[in-house]
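Undergrad: next input, structure requested:
(chains A and B, ligands or ions: 4)
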Amino acid sequence: MSVLYGVLFFLASIIFIGGLVYKIRQYWRTPAPLKIPTTPAPVTQTGVVWRLFREVVFFESLFRSTKWTWIFGWLFHFGLFLVLVRHLRYFIDPIPVWLVWLQPFGKYAAFAMLFGLAGLLARRIFVDRVRYISAPSDYLMLLLLLAIGSSGLLMTFVFHTYIVGVKAFFRGLMYFDWQALPADPVLLAHLGMVMFLMIIFPFSKLLHAPGIFFSPTRNQVDNPREKRHLAPWAEKLEAVDGQ
Amino acid sequence: MAKIDFEIPKLEDYPVVPAVKEGTMKHSQPYKAIDKFQEPLGYPGKLVDNWKERALDKMGELLGKYRSLQVYLDSCVKCGACTDKCHYFLGTSDPKNMPVGRQDLLRKVYRRHFTFAGKYFPKLVGAEDLTKDVLDDWYSYYHQCSQCRRCSVFCPYGIDTAEISMAAREILDSVGEGQKYCNEIIAKVYKIGNNLGLPGPALVDTLEGLEEDVEEETNIQVKYPVDQKGADILLITPSADFFAEPHVDGLIGYGKVFHQAGLSWTLSSYASEAANFGMFIGSYENMRQVSLRIRKAALDLGVKRIIFGECGHAWRVAYSFLNTLAGPFDFLDKRYPVPQHICELTHGLIESGVLRFDKSANDDMVLTYHDSCNVARASRMGRKPGGQFTIPRDIIRASCNNFYDMPYETIHDSTFCCGGGGGLLTDDLMEVRIKGAMPRAQALKQVVDDYGVTHMAAICAICKSQFTKVLPYFGFTMDQIVSVHQLVSNAIVMDIKEV
Ligand code: HEM
Ligand code: HEM
Ligand code: SF4
Ligand code: SF4
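TA: Ligands and ions are numbered 1, 2, ... in the order given. As a prediction, the model looks like this:
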């Protein structure tokens, strides 16, 4: 079992990282031929960084848009963020002080995350407009995250697992030094689903996470009158007719 | 008012998000362009036989050319935030008029043909083959989007359905399914120089008539010059300004401002059009060709500055794209931004005390102001972000005593489209135009009831034409829509001086 999980984790990591690098490269290389920031937009690069910061950390546009989705969505993501930070303890050694300090927050953030996910699922089921735009994968994604979160919570509060063993296994994977994984069903389920999430990440709507940084309506500086913004393929048009 | 065979939406006291009703607008399709309008733009004259391959090839090409398209087709999480933001959904209840519903028409094909998940698990991720039925849906629903970008304001990733609509129309054009209204007009610009097909001599005549009218009214000789070499300023204005009401009253206003400020200016008969429908059809090449006419006119006439008249999408193309498409404009006077908006000019002249107003001239009106989408969400005026909201309002306040804004959720960057933008201002789309105007009409009704507003000012030729036509269906009259420079024209104090 340990070997199977070890191999699968390698594969999942390769797909996850390779897939993301591929998509990010694709976004990076595709030109944005015209200035299309949604105005009013910042007129400086610093302003753009601040705009993106507000979008990523506070979901500013979503806040303007619908308060319910914002509350659920933000609780979910913020919870997820704290949970993931807390998970660093399985991978780094020694554990830095700030991470120790954060442990209890990470633990309870899991509830915020699950609450948020449940709210999002309810909205998807009960609001007719959102139901109309949902494909099966949209429900499954929420269910998958709910299942990962619940299995994690079970381990934290009910069926404790042998954390030291988990850590040894993962640090072993990172340093090519095989260690056994505790054969605990909840843990195996948790990890199995996490691998699945990693594999689908670069092929699904989870690309919204890198996507937001490449969205021209959000990441462009509003300065078209001052600077030309020629894409390479548009430059070729000029060469053709000599203007 | 033309006869209609559909229900006009009722104006409720409060905004209501309708329940989803599938398929209500599937039938709405504009006339298709025939070969003589398609070919000058470089598109096939009718639906080609291998349209499916061609459409997919084109989609692949566009995905490689436009980062917006690639990122937006991947990133939507179906959060639903945009679903109640489109005026066409609010007015028609058709879920394919929800921004994400509209995007999904293209996205499902993208997924099916360009992504791993859609190739192997189409049902799971809602991917679909490109069939004739899907193509028909594209033609219907991508011509029910005014590219107003309201959805992009509210989407957490800024997904801009306008970008998707433009790409879809470009694909449709490339397989021979162009829209008559837009493509006929672009062909006219190439041939004659403006959307209306108004030739040079007719333009001169019209403007002479205008000069006589203004002189009769004010006893002052205000000039409306055309093709005057050596003038300082080239004015590029939508051709509707030459004769449509209330547009022409705005043009009269620009002339008075130039006159009073002692600025030398001219129109061009070669580039007698600010509008650039190349944007509506998503065609960089056509947008560029139309823009280059302005560059040529500026060079030929030897002007120092370019100023644009009141037009929404034209200002987007001018402000956001002109420098990129037809620049660099290093032959113009570097002290002024290229191009400038007529409101920027007037506002500057008001601030520096050059213009004076007798506000009581507009006392017969109580005004509100309609932010045009392309000005509000796709461009700027002045130095500071948001100048596009304050500058026109400052001008109105300087020339009128009575001004009230419509509810906050319907102005500034949350403004509702007039319903006729994006190449939809044609009689064959009357149903979607009327229904799409509902949210704006409702907001207007609110200030009419609360503050006794009598008139709505705007700075967009399309908005003005659309409102004169559709507001009567909601119980208003067509003359309740006015140009901002019409207010300026009414109130400006003109000194008698030698020019
Ligand atoms: C840069 C980081 C990220 C940002 C800014 C971000 C932002 C957002 C926003 C604004 C939404 C829409 C509102 C909502 O439904 O919650 C959303 C939805 C979603 N996000 Fe993220 N996200 C990020 C990373 C992630 C990651 C790492 C995951 C998954 C492991 C994730 C999973 C989801 C899911 C599943 C939804 C859809 C929720 C639904 O079905 O309604 N996000 N995200
Ligand atoms: C390689 C990756 C991962 C490993 C090794 C791992 C392992 C664990 C372990 C051992 C626990 C139990 C903690 C305890 O008993 O205190 C746990 C809890 C949890 N896990 Fe994971 N997990 C991983 C990835 C994830 C991911 C990607 C998510 C979310 C999408 C997640 C969500 C949770 C949650 C919500 C809890 C409960 C709260 C907490 O203890 O932080 N895990 N995980
Ligand atoms: S751009 Fe405007 S018209 Fe088009 S989908 Fe978005 S809100 Fe609707
Ligand atoms: S708001 Fe944006 S992410 Fe949400 S459903 Fe609409 S387009 Fe998709």
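
Undergrad: find the helix or strand that residue 167 is a member of.
TA: Because you didn't say which chain, this covers chain A. Element membership for A:K167 (DSSP states H and E) is helix A:163-174.

Undergrad: wrong chain, I was asking about chain B
TA: B:A167 belongs to helix B:161-174 when assigned by DSSP H and E.

Undergrad: for that helix, name the packing helices and strands.
TA: When contacts are defined as 3 or more CB pairs under 8 Å, 6 or more residues apart in numbering or on different chains; DSSP states H and E, helix B:161-174 sits against helix B:51-65, helix B:67-75, helix B:99-114, helix B:132-141, helix B:150-154. Where you see a C-beta, it was placed from the backbone N, CA and C, and this is true even at glycine.

Undergrad: nearest to ligand 1, out of the ones you listed?
TA: With CB to the nearest ligand atom, the closest approach to ligand 1 among these belongs to helix B:67-75: 9.5 Å.

Undergrad: and the closest one with ligand 4, contact?
TA: No. Helix B:67-75 is not in contact with ligand 4 by CB under 6 Å from any ligand atom; minimum separation 6.8 Å.

Undergrad: who's in contact with the very next helix or strand once past the helix holding A:K167?
TA: Counting by DSSP H and E, the next helix or strand C-terminal to helix A:163-174 is helix A:185-200. If you take CB atoms under 8 Å, 6 or more residues apart in numbering or on different chains as the criterion, helix A:185-200 is touched by A:1, A:5, A:8-9, A:11-13, A:15-16, A:144-145, A:147-148, A:151-152, A:154-155, A:159, A:161, A:166, A:181, A:206, B:117.

Undergrad: at 7 Å what do you get?
TA: With contact meaning CB atoms under 7 Å, 6 or more residues apart in numbering or on different chains, helix A:185-200 is reached by A:5, A:8-9, A:12-13, A:15-16, A:144, A:147-148, A:151-152, A:154-155, A:159, A:161, A:166.

Undergrad: just to revisit the earlier point, okay, the helices and strands packed on helix B:161-174 in TSV with mean pLDDT and mean neighbour count next?
TA: Converted to TSV, those look like this (pLDDT from 0 to 100; neighbours: other CB atoms under 10 Å in any protein chain shown):
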stretch	mean pLDDT	mean neighbour count
helix B:51-65	97	17
helix B:67-75	97	26
helix B:99-114	98	23
helix B:132-141	97	17
helix B:150-154	97	26
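
Undergrad: where does the chain have low pLDDT?
TA: Using chain A. Within chain A, the stretches with pLDDT under 70 are A:241-243.

Undergrad: wait, I meant chain B there
TA: B:1-3, B:496-499.

Undergrad: closest point of it to ligand 1, which residue?
TA: For chain B, CB to the nearest ligand atom, closest residue to ligand 1: B:P156, 3.4 Å.

Undergrad: and the residue of chain A found nearest ligand 3, how many residues sit next to it?
TA: Closest contact between chain A and ligand 3, by CB to the nearest ligand atom, is at A:T38 (10.8 Å). A:T38 has 26 neighbouring residues, counting by other CB atoms under 10 Å in any protein chain shown.

Undergrad: grab the nearest non-local neighbour of it.
TA: Closest residue in space to A:T38, ignoring its immediate chain neighbours: A:T217 at 4.4 Å, by CB to CB, 6 or more residues apart in numbering or on different chains.

Undergrad: and that neighbour, what does it touch?
TA: Contacts of A:T217 by CB under 7 Å, 6+ apart are A:I36, A:P37, A:T38, B:S152, B:G158, B:D160.

Undergrad: and the closest residue to the fifth one other than its chain neighbours, how close does it get to A:T44?
TA: Spelled out, it's B:G158. Leaving out its chain neighbours, the residue that sits closest to B:G158 by CB to CB, 6+ apart is A:T217, at 3.6 Å. Distance, A:T217 to A:T44, using CB to CB, to the nearest Å: 17 Å.

Undergrad: now B:K52
TA: Counting by CB to CB, the gap from B:K52 to A:T44 is 46 Å.

Undergrad: once you drop chain neighbours, what's closest to the spatially most central residue of chain B?
TA: For chain B, the residue nearest the mean C-alpha position is B:H313 (3.5 Å; CA atoms, centre = their mean). Distance criterion CB to CB, 6+ apart; nearest residue to B:H313, sequence neighbours excluded, is B:N374 at 4.5 Å.

Undergrad: what is the burial count for residue 221?
TA: If you meant another chain, say so; for now it's chain A. When neighbours are defined as other CB under 10 Å, A:V221 has 19 of them.

Undergrad: oops, I was thinking of chain B
TA: For B:Q221, the count of nearby residues is 13 (other CB under 10 Å).

Undergrad: now it: closest residue in space, sequence neighbours ignored.
TA: Once flanking residues are discounted, B:Q221 sits nearest to B:E215: 5.6 Å by CB to CB, 6+ apart.

Undergrad: which of the helices or strands spans that neighbour?
TA: If you go by DSSP H and E, B:E215 is part of helix B:200-218.

Undergrad: how about the residue of the stretch 151-300 of chain B found nearest ligand 2, secondary structure?
TA: Nearest residue of the stretch 151-300 of chain B to ligand 2 (CB to the nearest ligand atom) works out as B:P156 at 19.2 Å. The three-state label given to B:P156 by DSSP: H, G, I helix; E, B strand; the rest coil is coil.

Undergrad: please report how far the nearest residue to it once chain neighbours are set aside lies from B:Y72.
TA: In this structure, B:P156 finds its nearest non-sequential neighbour in A:L62, 4.2 Å apart by CB to CB, 6+ apart. Distance, A:L62 to B:Y72, by CB to CB: 16 Å.

Undergrad: where does chain A get nearest to ligand 1, residue-wise?
TA: For chain A, CB to the nearest ligand atom, closest residue to ligand 1: A:G73, 2.2 Å.
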